[in-house]
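Participant: When you get a sec, could you give me coordinates for this:
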Amino acid sequence: AAAAFTELLYTGDGSYPRTITGAGDTYQIAWIKNRDQPDNHQFVVLDGSTYRLGQPDNTSAWSAPSNFAFNADGFTLSSGSGVMANESGERYVVWLFKSVAGVLDILMYDGTSGNRTLAHSLGAAPAAVLVAGQVTGVSAIWTLGHKDAVVASGGGWLSHGALDANSQWINSDRWQDTAPDASNIYVDNNLNSLGQRYVMLLFGHQTGSEGKVYCGAWTGNGSSSGPTINMGRDPNGLLMVWPTNAIRNRRLIDADRGFANYLEADVANAEASNTTISLTGTGFQIVSTDVDMNNNSTTFCFVALDP
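Facilitator: Next up is the predicted model:
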């Protein structure tokens, strides 16, 4: 069966064209990060026949790269401009995404202004959402929603956060104060501005040993014996961590790089190491006092995607 998510690791060689293989399918989004240098994150979206490039760690306007193309087993980088991901001797990670019912739906839409009901094809109620930017030449937005977000006097779908800043989540009308359902998601004018183009990732929630996506949360206790999260399975892919009620970075950890190695979605920092989770057979336990994973009383929402 097609996988909504997979991950590739490679080392740049500085030569072009450079084809990166091993994905096993054609994907629609590639999120690329240089592990060794503080280079910006690169978020490449195939929108119809047009490639678009955004940077999750800042609000720079999106661009149209001329040097990137997906193929049936990964992607090819050419010598044109846009995606910078082949510096000789430097290590890269790429997280690849595509729509698969129940796991992930990627929705592209043009803003029409005002509140809006958007039909989606996830086939289930989304448990978390990432709206990746206004992609037509203005400052980008990177908006997050999660069913388990905790905000004073609100939270959940009454609130939203930002991927590109380590700010606290706030109560808002981004989702029209309405939880998404199996057919629709509800957005306000901030996610529906006239003349803007949006890409929205809608994540499902699957429990049990065969699931491929899990959206949950834990509350930090500041101890090396931290909370235990029962997913019904160990995470085996990407873990995106979104603190909601404290000013903390947004961690990205995954199985292929080793869960002790982390990147941060809101900053361009190179990869660093700190063992913060221990797999339990049915999920994981937080085993560190690291404030970006276990700050006392902070709610850490997460999305776990497996290949």
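Participant: now the strands for the stretch 1-150 of the chain?
Facilitator: Applying DSSP state E, counting those that start in this stretch to the stretch 1-150 of the chain gives strands spanning 5-11, 18-21, 29-34, 42-47, 50-54, 68-71, 74-77, 91-97, 104-110, 116-119, 128-134, 142-146.
Participant: chain center to the helix or strand following the last one: distance?
Facilitator: Taking DSSP states H and E as the definition, the helix or strand that follows strand 142-146 towards the C-terminus is strand 159-162. Taking CA atoms, centre = their mean, to the nearest Å, one finds the center of strand 159-162 at 14 Å from the center of the full chain.
Participant: Could you do stretch 115-122 as well?
Facilitator: Computed by CA atoms, centre = their mean, the chain-centroid distance of stretch 115-122 equals 19 Å.
Participant: same thing with stretch 285-294?
Facilitator: Stretch 285-294 has its C-alpha centroid displaced from the chain centroid by 20 Å (CA atoms, centre = their mean).
Participant: One more: stretch 262-278?
Facilitator: Distance, centroid of stretch 262-278 to centroid of chain: 14 Å (CA atoms, centre = their mean).
Participant: Give me the neighbour count for residue 108.
Facilitator: Other residues near residue 108 come to 16 when the count uses other CB atoms under 10 Å. (Glycine included, C-beta is placed from N, CA and C.)
Participant: whoops, residue 13 was the one
Facilitator: 12.
Participant: Once you drop chain neighbours, what's closest to the residue nearest in space to the middle of the chain?
Facilitator: Against the mean C-alpha coordinate of the chain, by CA atoms, centre = their mean, the closest residue is residue 240 at 6.1 Å. The spatially closest residue to residue 240, leaving aside those adjacent along the chain, is residue 303, at 4.7 Å (CB to CB, 6 or more residues apart in numbering).
Participant: Read off the pLDDT value for the closest residue to residue 131 other than its chain neighbours.
Facilitator: Closest residue to residue 131 apart from its sequence neighbours, by CB to CB, 6+ apart: residue 143 at 4.3 Å. Note on residue 143: pLDDT of 95.
Participant: that older thread, so the residue nearest to residue 240 makes contact with residue 128?
Facilitator: Yes - contact criterion CB atoms under 8 Å: residue 303 and residue 128 qualify, at 5.0 Å.
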